[in-house]
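A.B. asks: Just need the structure, nothing else, for what follows:
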Amino acid sequence: METAQVTETVCDVVTVPTRQGLEAVDILRRGVGDAVGPVLHDDGGDTLGFLVPPGTAAAWDVPGSTCTETDGRGLRLTPEPEPPVEGSDWLLPPGEADLATDPAVLRAALGEAARLIEAADNCQ
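C.D. replies: As a prediction, this is how the structure comes out:
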């Protein structure tokens, strides 16, 4: 069996509240193949961080989320099992996911997740 060589890649990070992020992960996994890249969660359980291609932060404008540009600040996606951000751990580690989540696909999934959460909250 041939082993794919993973190279070090610089990524930006889209951070969302955990509930919306988990819904988005489910949506992405039900979509076209494995459309979700590596995902981090913070140790407090408050947020999820989706690794997206570098440059995403410049145009990210999804309410309720932030996109952090990491170019030159040490966040790199490597084949190492250790998470690249202190105080976090992998929800979906590299190797079990694409190299990065497509920002347009993530935007759509986060929107759908927000609508599902709002509908569920309004049914009570």
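
A.B. asks: which ones are touching Leu51?
C.D. replies: Residues touching Leu51, when contacts are defined by C-beta atoms under 8 Å, 6 or more residues apart in numbering, comprise Cys11, Asp12, Val13, Gly37, Pro38, Val39, Leu40, Leu77, Leu99, Ala100, Thr101. The C-beta positions use only the backbone N, C-alpha and C, and glycine is treated the same way.

A.B. asks: Please pull up the helix or strand immediately following the lowest-mean-pLDDT helix or strand in the chain.
C.D. replies: Taking mean pLDDT, DSSP states H and E as the measure, the helix or strand of the chain with the lowest value is strand 76-77, at a mean of 56. Stepping forward along the backbone from strand 76-77, the first helix or strand reached (DSSP states H and E) is strand 88-92.

A.B. asks: Which neighbouring elements make contact with that next one?
C.D. replies: With contacts taken as 3 or more C-beta pairs under 8 Å, 6 or more residues apart in numbering; DSSP states H and E, strand 88-92 sits against strand 39-42.

A.B. asks: Could you tell me the angle between the next helix or strand after the strand it packs on and strand 88-92?
C.D. replies: Later in the chain than strand 39-42, the nearest helix or strand by DSSP H and E is strand 47-52. What separates the directions of strand 47-52 and strand 88-92 is an angle of 60 degrees, with axes from the mean of the first three to the mean of the last three C-alpha atoms, to 10 degrees.

A.B. asks: Check which helices and strands the helix or strand just after strand 47-52 is in contact with.
C.D. replies: Next in sequence after strand 47-52, counting helices and strands by DSSP H and E, comes strand 66-68. Counting contacts by 3+ C-beta pairs under 8 Å, 6+ apart, strand 66-68 packs against strand 12-17.
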